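*Asks:* One predicted model, sequence on top.
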Amino acid sequence: MAENQGLSTVPLFGEFTLSTNRKVRCSVKLTEQEFIVKRLTPAPVGWSRRVHSLKDCLGCRAYRGNDTGDSAAYLSVYFYPLRGRWMRTGISRQRVEHCFRFAALQEWRANLEEAERWARAVREWSSRQRHHGDGVLMQELPRPCRMMVLVNPLSGKGQSYTLYNNHIQRMLNEAGIIHTLFVTERQNHAREMVRDTDLSQWDALVIMSGDGLLYEVINGLLERPDWESAIRTPLGILPGGSGNALAASTHYYTGASSVSNVELLVSCGFLLCRGPVSRMDLVSIHLSSSTRLFSFLSLAWGFVADVDIESEKYRHLGAARFTVGTLVRLASLRIYKGKLSYLPVSREQKNKDSWSQRGEPYRNPMVSTESINVQQLGNIPSQNSRSLHGPPDSLLVPLDQQPPAHWVEVPEKDFVLVLAMYQSHLAEDLLAAPDATLDDGVIHLFYVRAGISRFALLRLFLAMEKGAHLATNCQHLVYTKVRALRLEPLSPQGILTVDGEVVKYGPVQAEVHRGLSRLISG
Ligand SMILES: Nc1ncnc2c1ncn2[C@@H]1O[C@H](COP(=O)(O)OP(=O)(O)OP(=O)(O)O)[C@@H](O)[C@H]1O
């Protein structure tokens with residue numbers, strides 16, 4: 001062990017019987033990349049050889065059986081490979097367990113030691129196989145890992161707790177993750193818990209709900225005096241709501257084909273257990289009420305916000321509530337009056353370049369009295385009168401001043417929708433920003449100008465299921481990548497949502513903070 005930096009040496013070979021049938025002998029081989037099982041006892045039906053990539057290994061366990069008179073030990077290894085779905089196209093992660101009986105030695109202790117040697121080697125070599133993305137890897141979660149799991153029992157169709165019991169609890173146990181379950185009892189419960197908890201007790205905070213509960217957790221972390229370290233606590237997301245946009249986004253970033261419901265849950269559970277932790281963008285949002293809050297997903301006004309909120313009454317339908325809501329709102333399509341301006345990614349870059357050519361550090365020219373603006377904008381009381389901290393917003397000026405001169409002002413004043421996205425999915429089956437990545441530092445801004453027909457709008461949303469809406473060449477749809485934006489609704493009434501939650505209607509502005517938070521994302 002001491003040589004080879006504590007790693008168990010591989011390959012390992014062994015011959016064991018199946019725990020379920022002692023008459024079936026198998027040869028087992030562990031290499032740096034694979035776990036290979038070959039049946040030595042011929043079987044009339046079923047498999048004769050199985051090869052698993054260690055990338056698909058969730059965990060393993062060595063243990064003694066219940067019978068104390070039995071000197072055997074057991075090794076269970078859990079894999080979740082991507083496999084073709086039964087009677088459907090596409091692939092999804094499906095659980096495969098191998099369990100072997102170790103009885104070659106007379107002493108139970110010796111058999112258990114041998115099983116533990118195998119378990120250690122499987123764990124070590126599978127952790128070496130973890131996929132490290134393109135430079136986004138921040139850190140591995142420590143092992144053993146301690147997770148706080150927050151479950152909203154009322155989210156989605158009210159099945160979160162059952163889904164946790166049926167799938168997630170088992171996966172966390174298989175991965176050897178120590179976790180404590182907290183069932184939220186009311187709105188803001190999770191926010192208060194993360195605001196007040198001793199974070200040194202936890203290696204990760206996991207949210208099993210819709211996106212609304214994560215929104216609470218992020219804002220709770222940023223209310224803490226130690227927000228700078230608190231917001232770097234690894235977060236995990238498990239789909240338990242009806243929208244599940246971030247869960248769908250994290251699955252999408254793995255490159256796997258699209259899945260929903262329990263298959264999405266298993267995929268996210270797998271990512272959660274395997275890590276690693278990546279950076280995730282957050283967007284600072286200023287409302288007319290002088291409130292500043294943080295958002296991880298979206299800011300919406302017009303059609304999308306209306307559908308999201310008005311379809312709450314169909315939540316018993318699960319994800320289908322958005323389809324029903326879309327059809328209902330299409331029937332009475334509205335036009336929303338407002339002013340939209342933004343700082344394009346390209347223009348911000350030019351600005352930075354011209355400053356650096358002059359050999360000076362970049363400063364947003366409109367906030368040269370930065371400290372004053374930042375103070376005014378940044379340190380304002382949050383909705384529940386607690387102070388929300390977070391980094392200063394260097395691109396924004398106060399809402400009662402004109403946006404900076406180098407920003408773009410959209411000429412149109414009549415919109416059907418404005419949607420700012422920072423992750424790929426708006427809902428499980430709505431791939432709104434196919435180009436988005438977890439920490440690209442970009443707000444993907446979409447707006448649809450008034451004048452679009454109902455049919456064309458429906459076509460856009462149908463195309464969005466596959467992320468093909470941008471290829472429809474719809475003349476009314478505009479897409480641009482920005483760092484900051486301001487929206488000033490002129491219609492006296494309307495709905496504004498942040499991460500799917502209603503916020504105070506009125507002027508709003510936003511700035512992206514690249515990689516401010518951490519997400520366990522695979
Ligand atoms: N026990 C509870 N009772 C009532 N509200 C709760 C409870 N626990 C959490 N909440 C609140 O429920 C709201 C909605 O939660 P969340 O968005 O996670 O689920 P959802 O609305 O079902 O999901 P989705 O947004 O995907 O439709 C959050 O604002 C949260 O504060």
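*Replies:* Yes, it's here.

*Asks:* quick one, phi/psi of residue 459?
*Replies:* phi -60, psi -40 (degrees, to the nearest 10).

*Asks:* quick one: it and residue 473 touch, right?
*Replies:* No. Judged on Cβ atoms under 8 Å, residue 459 makes no contact with residue 473 at a distance of 10.8 Å. Glycine gets a C-beta too; all of them are placed from N, C-alpha and C.

*Asks:* Comparing those two, which shows the higher neighbour count?
*Replies:* Neighbours per residue (other Cβ atoms under 10 Å) separate residue 459 from residue 473, with residue 459 holding more: 15 against 6.

*Asks:* Next up, the contacts around the closest residue in space to that one that isn't next to it in sequence.
*Replies:* Using Cβ to Cβ, 6 or more residues apart in numbering and skipping residues adjacent in sequence, the residue nearest residue 459 is residue 472, 6.2 Å away. Residue 472 makes contact with 459, 460, 463 under the criterion Cβ atoms under 8 Å, 6 or more residues apart in numbering.

*Asks:* With residue 263 instead?
*Replies:* By Cβ under 8 Å, 6+ apart, the contact list for residue 263 reads 85, 92, 93.

*Asks:* Could you dump those residues into a markdown table and include pLDDT, distance to the ligand and secondary structure?
*Replies:* Formatted as a markdown table, these follow (pLDDT from 0 to 100; distance: Cβ to the nearest ligand atom, whole Å; DSSP: H, G, I helix; E, B strand; the rest coil):
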| residue | pLDDT | distance to the ligand | secondary structure |
| --- | --- | --- | --- |
| 85 | 78 | 24 | coil |
| 92 | 92 | 20 | strand |
| 93 | 95 | 21 | strand |
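
*Asks:* Dump those residues into a markdown table; add neighbour count and distance to residue 427 as well.
*Replies:* Output for the contacts of residue 263, formatted as a markdown table (neighbours: other Cβ atoms under 10 Å; distance: Cβ to Cβ, whole Å):
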| residue | neighbour count | distance to residue 427 |
| --- | --- | --- |
| 85 | 13 | 21 |
| 92 | 23 | 19 |
| 93 | 24 | 21 |
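
*Asks:* any idea of the pLDDT on the residue in the stretch 251-400 of the chain that the ligand sits nearest to?
*Replies:* In the stretch 251-400 of the chain, the residue that lies nearest the ligand is residue 315 (6.3 Å; Cβ to the nearest ligand atom). Residue 315 is assigned a pLDDT of 74 by the prediction.

*Asks:* right, and it touches residue 322 too?
*Replies:* No. Here residue 315 lies out of contact with residue 322, judged by Cβ under 8 Å, at a distance of 10.3 Å.

*Asks:* what is in contact with the two at once?
*Replies:* Joint contacts of residue 315 and residue 322 (Cβ under 8 Å, 6+ apart) are residue 242.

*Asks:* ok, those two, which is more surrounded?
*Replies:* The residue with more neighbours, out of residue 315 and residue 322, is residue 322; 23 against 17, by other Cβ under 10 Å.

*Asks:* give the contact list for the residue nearest to residue 59 when sequence neighbours are not counted.
*Replies:* In space, and not counting its chain neighbours, residue 59 is closest to residue 175: 4.1 Å by Cβ to Cβ, 6+ apart. Counting by Cβ under 8 Å, 6+ apart, residue 175 touches 58, 59, 78, 273, 274.

*Asks:* Quick check: residues of the protein near the ligand?
*Replies:* 152-156, 184-189, 209-213, 216, 241-244, 500 (Cβ under 6 Å from any ligand atom).

*Asks:* and those residues, which are buried?
*Replies:* Buried by 16 or more other Cβ atoms under 10 Å: 152-156, 184, 189, 209-213, 216, 241-244, 500, out of these.

*Asks:* Cross-check the contact I'm expecting between residue 47 and residue 39.
*Replies:* Yes. Judged on Cβ under 8 Å, residue 47 makes contact with residue 39 at a distance of 7.1 Å.

*Asks:* which one of those two has more residues nearby?
*Replies:* residue 39 (16 against 9).

*Asks:* in this protein, what spans have low per-residue confidence?
*Replies:* 1-7, 87, 131-138, 348-387 (pLDDT under 70).

*Asks:* Name the residue of it with the shortest distance to the ligand.
*Replies:* residue 210 (1.8 Å).

*Asks:* quick one: that residue and residue 154 touch, right?
*Replies:* No. Using Cβ under 8 Å, residue 210 is not in contact with residue 154; the gap is 9.9 Å.

*Asks:* For the residue sitting furthest away from the middle of the chain, give me its contacts.
*Replies:* The outermost residue of the chain relative to its centre, with distances by Cα atoms, centre = their mean, is residue 106 at 48.7 Å. Contact analysis of residue 106 by Cβ under 8 Å, 6+ apart lists residue 71.

*Asks:* Tell me the secondary structure of it, please.
*Replies:* Classification of residue 106 using DSSP: H, G, I helix; E, B strand; the rest coil returns coil.

*Asks:* and what of the one 5 residues further on?
*Replies:* Following three-state DSSP, we place residue 111 in the helix state.

*Asks:* Also residue 238?
*Replies:* strand.

*Asks:* Now it: closest residue in space that isn't a chain neighbour?
*Replies:* Per Cβ to Cβ, 6+ apart, closest to residue 238 is residue 208, 4.1 Å.

*Asks:* So that neighbour belongs to a strand, correct?
*Replies:* Yes. According to three-state DSSP, residue 208 belongs to a strand.

*Asks:* Hmm, residue 162 and it touching each other?
*Replies:* No. Using Cβ under 8 Å, residue 208 is not in contact with residue 162, being 11.0 Å away.

*Asks:* Looking at the two, which one has more neighbours?
*Replies:* Taking other Cβ under 10 Å, residue 208 and residue 162 do not tie; residue 208 has more neighbours (31 against 12).

*Asks:* how close does the more buried one get to residue 294?
*Replies:* 21 Å (Cβ to Cβ, to the nearest Å).

*Asks:* How is residue 268 classified with respect to secondary structure?
*Replies:* Classified using three-state DSSP, residue 268 is helix.

*Asks:* That one and residue 142, how far apart?
*Replies:* From residue 268 to residue 142 the distance is 20 Å (Cβ to Cβ).
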